[in-house]
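A.B. asks: structure here, sequence nowhere to be found:
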């Protein structure tokens, strides 16, 4: 699961970065501006959008174990 999340996030980040760089290079108005400086930010944001749900998919599907202060298990919370 960890490897799948890591590979997916890395692939998404690379695809977004390369795609945006090619798109910006084709447009003369965009290549003159500052938009190229935001490509890494957008690439990392897209990687995070994929990575977080993949890393937390077990918690999203099965819920989170809820404990009392003295570590007694109460049950699972699917809403949390």
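C.D. replies: Thanks, I have it. Predicted model only: the values in this text are computed from it and were never measured.
A.B. asks: read off the pLDDT value for the most centrally placed residue in the chain.
C.D. replies: Taking C-alpha atoms, centre = their mean, the centroid of the chain lies closest to residue 48, which sits 1.8 Å from it. Per-residue confidence (pLDDT) for residue 48: 92.
A.B. asks: distance between the host helix or strand of it and the chain's centre?
C.D. replies: Secondary structure assignment for residue 48, by DSSP states H and E: helix 39-55. Relative to the centre of its chain, helix 39-55 is centred 3 Å away, using C-alpha atoms, centre = their mean, to the nearest Å.
A.B. asks: any buried residues in it, and which?
C.D. replies: By neighbour count on 16 or more other C-beta atoms under 10 Å, the buried set for helix 39-55 is 39, 43, 44, 46, 47, 50, 51, 54. All C-beta spots, glycine's among them, are computed from the backbone N, C-alpha and C.
A.B. asks: so which elements touch it?
C.D. replies: helix 2-26 (3 or more C-beta pairs under 8 Å, 6 or more residues apart in numbering; DSSP states H and E).
A.B. asks: C-terminal to the helix it packs on, what's the next element?
C.D. replies: Defined by DSSP H and E, the subsequent element after helix 2-26 is helix 28-32.
A.B. asks: what is the mean pLDDT for that following helix?
C.D. replies: For helix 28-32, the per-residue pLDDT averages 85.
A.B. asks: what ranges in the protein fall below the confidence cut-off?
C.D. replies: Scanning the chain for pLDDT under 70 picks out 79-80.
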